[in-house]
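Asks: using only what follows, build the 3D model:
(2 chains)
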There are 2 protein chains.
Amino acid sequence: MTEVLSKQQTIELRKKHIGPSCKVFFAKDPIKIVRAKGQYMYDENNERYLDCINNVAHVGHSHPDVVKAAVKQMELLNTNSRFLHDNLVQYAQRLTATFPEQLAVCYFVNSGSEANDLALRLARQFTGHHDIITLDHAYHGHVTSLIDISPYKFHQLGEGGQKEFVHVAPPPDIYRGKYRENHPDPGAAYAEEVQTLIQEAHKKGHQIAAFIAESMQSCGGQVIPPAGYFQKVAQYVHNAGGVFIADEVQVGFGRVGEKFWAFQLQGEDFVPDIVTMGKPIGNGHPMSCVVTTREIAEAFGASGMEYFNTFGGNPVSCAVGLAVLDVIEKEDLRENAIRVGNYLMDLLKEQKEKHPLIGDIRGVGLFVGVDLVKNRERRTPATAEAQHVVHQLKEQNILLSADGPHKNVLKFKPPLCFSVEDSKFVVDKIDEILTALEKATGARVGNGNKEVVENGVCKRKAPRHSNGVPEQECVNGTGSYFAGTACGQESACHTDNHVVSCKRIRT
Amino acid sequence: MTEVLSKQQTIELRKKHIGPSCKVFFAKDPIKIVRAKGQYMYDENNERYLDCINNVAHVGHSHPDVVKAAVKQMELLNTNSRFLHDNLVQYAQRLTATFPEQLAVCYFVNSGSEANDLALRLARQFTGHHDIITLDHAYHGHVTSLIDISPYKFHQLGEGGQKEFVHVAPPPDIYRGKYRENHPDPGAAYAEEVQTLIQEAHKKGHQIAAFIAESMQSCGGQVIPPAGYFQKVAQYVHNAGGVFIADEVQVGFGRVGEKFWAFQLQGEDFVPDIVTMGKPIGNGHPMSCVVTTREIAEAFGASGMEYFNTFGGNPVSCAVGLAVLDVIEKEDLRENAIRVGNYLMDLLKEQKEKHPLIGDIRGVGLFVGVDLVKNRERRTPATAEAQHVVHQLKEQNILLSADGPHKNVLKFKPPLCFSVEDSKFVVDKIDEILTALEKATGARVGNGNKEVVENGVCKRKAPRHSNGVPEQECVNGTGSYFAGTACGQESACHTDNHVVSCKRIRT
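Replies: Take a look at the predicted model:
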């Protein structure tokens, strides 16, 4: 038996000994998982859950080849990279072979956060500059230096959250952003915004060390940058003496299918100066990497300061990393990502015809977002509705999440072994949930489901949740809105501009 | 066969694909290790090396119980802490049981660097202050925020390396520091230095968030703080509204034998507010932890910002952590640390009677330092001699390192299964090496081995190394000193005050 404590005991001990900032999914009724295989997780009662969100268990949970590689190496040796070891160099060779030629030098670390932090250090050492341009809503990690450049995090700190060396560019979101799908060249227009930021920084005597962006924004709302955007940004940033950091922590390693790295979707004429990777790299084993050019690596080395990472690049991590690369090839998981991803997108597009709540479907490979809206014309984020869908899916043993600045984008990022059957299963359930939701609110395609505002106060009711408990609270105001109860907040709180300040609580 | 590439191929690939800042031990003739067991490592020719330095392989390399625990859990499940899991809470319960009662809340992360960074975030959030007091020569990690508070690192950056929010206190080193063993109360005197720093910071309008120190300074030169020092520092820091962070990354987990944590050596009346741990925690598996009080954890949680660490606290890491704790108990490794550590100290003290190069022996359990000096009265660090010893030991298949601000302290921090036979073996070899060295330089106890200075220029010759290549270079000057060749630098370069700016190259 794999469960030692009762679920209640586990919850009690967690309350006692784990920092309250460490949240569980579905806090009111969290899930206890005791085993997992492929894209399926099993709770203590052997109930099976379909995992649509775990981009870490990249080649499938507990993949036997990966476990085997780890065990074999653990039994032999696990030590640091100050000793020579074949695994380290073989892995570096295999990994750099997935990149354009100039990206040839690796630094092995333990997490995406360590990777992004090191990327900033490399950039600053190489350029001699300090300032960073980041995208709004971006998340790059949990260490101090990365909270500083993650608007997704520092916006929560209110006034003073943004440091003077940080410059926030609008995300290249053609559905909800400043320049949309009807713009003749949104990529150029968004890049121009970066150029403007550079010029403003220069006026203040600041110098740009780096532009950093996920190759596709993940927590930021599954945003896929328009073609040509990165090329133009890189040009502006290079002209300013800075470097381009592509954060592939969430989106790399073949998730997009056709290409191994998401930045490659921009075309062969774009090559970042530094690429960071993490989550999927070890299928759950704590490991991560920064890849850069020889020129940047040598500038970093020229300081004379050693870079030593105790666990980074140890023989076990490298054995695991090699096994993950092997499985991606052996099981043709990139091809699967294309095939299943396309199928999932097609199913979802059919749903869009049917459900007014679906405002946009976007994705590449097995990185797919469903942007829920209360009103298709205004593209008002349907935040509470997205949370409702996620909770209802959980009741159906499907794990999905909603993210983005408005927490209204359903986010698919499953293990790459996800199947067409899994896709059909989850989309059918979403169909049922949206049908029920629209029936309750009377919305239909072409009609829109408007907010109800009386005397400037929002009377919109959140959808009823199965457990009937409050799910949302406006952090700028004092009231909460409860399932099936009117919010009572100033209506602006729920418009496009302000819903960003509403956050999910207790879930 | 465990070797795939020839050593030369491994070296070539490493040059090609691994950042040049990532150094190997003994760069001129690095060691390729293919397997390890207990305190022994084996190279590609099955040559056995005695490991006196690997404080990560805490319960012994490739310990079968630890491997078994990892495998068992890897086969079942490895996922994030947003799901409930028994391993996480059981491990948190076991770990916190090793601490005084108030240290009850855990945050699981992946490395000592992540732990120390999070400790700073906790301290700053709790106190609302920003400034940090750190000890000179301290090393707390490789991420940006920790380079900032690690003089061991930022001193290498020259002018401007020290940020205005960082205050550097003298390390409580009673052998080489400001207040020595003949001072009536060096603990109080060193603590007073911290109080002075606080007062100076206040005058400038700065507020102290935390004092951070390793419970014993490791890279800083195996410095063991005098009794009462931490109590007094904590009192001053608390009065200033700050917290006390004990960094146990290198020294925790029973290495000191009698106590589980090195800070406990100061007495039961001292309890830090935050403790960080790392290296030995998973016997090489990348994992780490921050333990703090409920009060600090709640203040951190009150910001509303989630703390999520992708790999931190995953079921595999926790299974490994539990197994390490089990082995420490089952094999009575703390008792072994006391017994073997005392034996090692006794042997080394005998050597001190015999060899003028040995200035000081200090240690607790299996954390032992041998401070080599060129002159016992002046305590002039014998940097080149220490490097010579380390290189000669390597030729005898013994792995030891020299550290401290002058790189002259031989540093013992072996796996806790280190034996009396191992101790005898290494000390006998050190005896032989020192005997030969002293014979070559004519030094004997009571005579001292002075520097040779002519017209202000140092004529001291570095000891001859087996490979006859340059080992040392003065980074402040232009010249190098080669094995058996006079340095030619200004003599001040090699005195107590300036030798810190000499660094080892190519090794």
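
Asks: just give the nearest non-adjacent residue to A:A189, would you?
Replies: Once flanking residues are discounted, A:A189 sits nearest to A:Y179: 4.2 Å by C-beta to C-beta, 6 or more residues apart in numbering or on different chains. No exception for glycine: its C-beta is placed from N, CA and C like everyone else's.

Asks: can you tell me which residues contact that neighbour?
Replies: Residues counted as contacts of A:Y179 (C-beta atoms under 8 Å, 6 or more residues apart in numbering or on different chains) are A:P172, A:P186, A:A189, A:Y190.

Asks: let's see it at 7 Å
Replies: The contact partners of A:Y179, taken as C-beta atoms under 7 Å, 6 or more residues apart in numbering or on different chains, are A:P186, A:A189, A:Y190.

Asks: does it sit in a helix or strand, and which one?
Replies: Assigned by DSSP states H and E, A:Y179 belongs to no helix or strand.

Asks: next one: phi and psi at A:A210?
Replies: With angles defined as degrees, to the nearest 10, A:A210 sits at phi -160, psi 150.

Asks: now A:P184, what's its secondary structure?
Replies: coil (DSSP: H, G, I helix; E, B strand; the rest coil).

Asks: give me the number of residues near it?
Replies: Residue crowding around A:P184 was assessed by other C-beta atoms under 10 Å in any protein chain shown; the count is 7.

Asks: show me what the mean pLDDT comes to for whichever strand in chain A runs longest.
Replies: In chain A, assigned by DSSP state E, the strand with the most residues is strand A:367-375. Average pLDDT, strand A:367-375: 97.

Asks: enumerate the positions of it that are buried.
Replies: A:F367, A:V368, A:G369, A:V370, A:D371, A:L372, A:V373, A:K374, A:N375 (16 or more other C-beta atoms under 10 Å in any protein chain shown).

Asks: nearest to chain B among the contacts of A:Y179?
Replies: Within the contacts of A:Y179, the smallest distance to chain B is 27.9 Å, found for A:Y190 (C-beta to the nearest C-beta).

Asks: ok, that closest one touching A:G228?
Replies: No: counting by C-beta atoms under 7 Å, A:Y190 does not reach A:G228; the two are 9.6 Å apart.

Asks: so those two - more neighbours on which side?
Replies: For the pair A:Y190 and A:G228, the greater number of neighbours falls to A:Y190 (26 against 19), based on other C-beta under 10 Å.

Asks: assign that one to helix, strand or coil.
Replies: helix.

Asks: now it: closest residue in space that isn't a chain neighbour?
Replies: A:P172 (4.1 Å).

Asks: any idea how far that neighbour is from chain B?
Replies: Look at A:P172 and chain B: by C-beta to the nearest C-beta, to the nearest Å, they are 25 Å apart.

Asks: wait, that residue touches A:A191, no?
Replies: No: counting by C-beta under 7 Å, A:P172 stays clear of A:A191, with 8.1 Å between them.

Asks: which residues do those two both contact?
Replies: Shared contacts of A:P172 and A:A191 (C-beta under 7 Å, 6+ apart): A:Y229.

Asks: helices of chain A, start to end?
Replies: Assigned helices in chain A, in chain order: A:7-17, A:64-76, A:86-96, A:112-127, A:144-147, A:151-154, A:186-203, A:229-239, A:294-301, A:315-330, A:333-354, A:383-395, A:420-441 (criterion: DSSP state H).

Asks: what about the second one, near chain B?
Replies: It stands for helix A:64-76. Yes: using C-beta under 7 Å from any C-beta of the partner chain, helix A:64-76 comes into contact with chain B via A:V67, A:A70, A:V71, A:M74, A:E75, A:L76.

Asks: what's in contact with that helix?
Replies: Counting by C-beta under 7 Å, 6+ apart, A:59, A:87, A:283, A:285, A:315-316, A:319-320, A:322-324, A:326-327, B:2, B:35, B:62, B:67, B:70-71, B:74-75 sit against helix A:64-76.

Asks: buried among these? Need that as a selection in ChimeraX.
Replies: If you want just the buried ones from these in ChimeraX, going by 16+ other C-beta under 10 Å, the selection is:
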select /A:59,87,283,285,315,316,319,320,322,323,324,327 /B:2,35,62,67,70,71,74,75
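
Asks: quick one, what contacts the spatially closest residue to A:V290 that is not a sequence neighbour?
Replies: In space, and not counting its chain neighbours, A:V290 is closest to A:Y107: 4.4 Å by C-beta to C-beta, 6+ apart. Counting by C-beta under 7 Å, 6+ apart, A:Y107 touches A:L118, A:C289, A:V290, A:Y307, B:G19, B:C22.

Asks: does stretch A:411-418 reach chain B?
Replies: No: figure legend: stretch A:411-418 not in contact with chain B (C-beta under 7 Å from any C-beta); closest approach 10.9 Å.

Asks: what's next to that stretch, contact-wise?
Replies: A:38-39, A:51-55, A:57-61, A:222, A:254-255, A:333, A:336-337, A:340, A:344, A:366-369, A:401-403.

Asks: stretch A:9-17 and chain B in contact?
Replies: Yes: residues of stretch A:9-17 contacting chain B under C-beta under 7 Å from any C-beta: A:T10, A:I11, A:L13, A:R14, A:K16, A:H17.

Asks: how long is stretch A:298-312 from one end to the other?
Replies: 19 Å (C-alpha to C-alpha, to the nearest Å).

Asks: list the buried ones in that stretch?
Replies: For stretch A:298-312, by 16+ other C-beta under 10 Å, it's A:A299, A:F300, A:G301, A:M305, A:Y307, A:N309, A:T310, A:F311, A:G312.

Asks: these two touch, right, A:K407 and A:A382?
Replies: No: contact criterion C-beta under 7 Å: A:K407 and A:A382 do not qualify, at 9.9 Å.

Asks: and those two? Which one has more around it.
Replies: When A:K407 and A:A382 are compared for neighbours, A:A382 comes out ahead with 29 against 23, by other C-beta under 10 Å.

Asks: what's the closest non-adjacent residue to the more buried one?
Replies: A:L372 (3.9 Å).

Asks: state the distance from the one you found to B:G187.
Replies: 62 Å (C-beta to C-beta, to the nearest Å).

Asks: about what we covered before: distance of the residue nearest to A:V290 from B:F412?
Replies: Applying C-beta to C-beta to A:Y107 and B:F412 gives a distance of 29 Å.

Asks: buried residues, stretch A:169-179. List them.
Replies: A:A169, A:P170, A:P171, A:P172, A:D173, A:I174, A:Y175, A:R176, A:G177, A:Y179.

Asks: now that stretch, how far from the centre of its chain.
Replies: Distance, stretch centre to chain centre, for stretch A:169-179: 17 Å (C-alpha atoms, centre = their mean, to the nearest Å).

Asks: output that stretch as CSV, nothing but the C-alphas.
Replies: Taking Å, rounded to 0.1, in the frame of the first residue of the first chain, the C-alpha atoms of stretch A:169-179 are listed here in CSV:
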residue,chain,number,x,y,z
ALA,A,169,7.2,45.6,-22.6
PRO,A,170,3.7,44.7,-23.6
PRO,A,171,3.4,40.9,-24.4
PRO,A,172,3.0,40.2,-28.1
ASP,A,173,-0.6,39.1,-27.5
ILE,A,174,-2.6,39.5,-30.8
TYR,A,175,-5.8,38.4,-29.2
ARG,A,176,-6.0,40.6,-26.1
GLY,A,177,-3.0,43.0,-26.4
LYS,A,178,-2.4,46.4,-27.9
TYR,A,179,-1.9,45.2,-31.5
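
Asks: re the thing from before, tell me the two of the residues of helix A:64-76 next to chain B that are most distant?
Replies: A:V67 and A:L76 (15.3 Å; C-beta to C-beta).

Asks: domains of chain A?
Replies: A:1-59+A:332-507, A:64-330 (automatic domain parsing).

Asks: now the first one, how far from the centre of its chain.
Replies: Just to be clear, that refers to domain A:1-59+A:332-507. The answer for domain A:1-59+A:332-507 is 15 Å, by C-alpha atoms, centre = their mean.

Asks: any weak-confidence spans in the stretch 301-450 of chain A?
Replies: Where the stretch 301-450 of chain A drops to pLDDT under 70, the residues are A:444-450.
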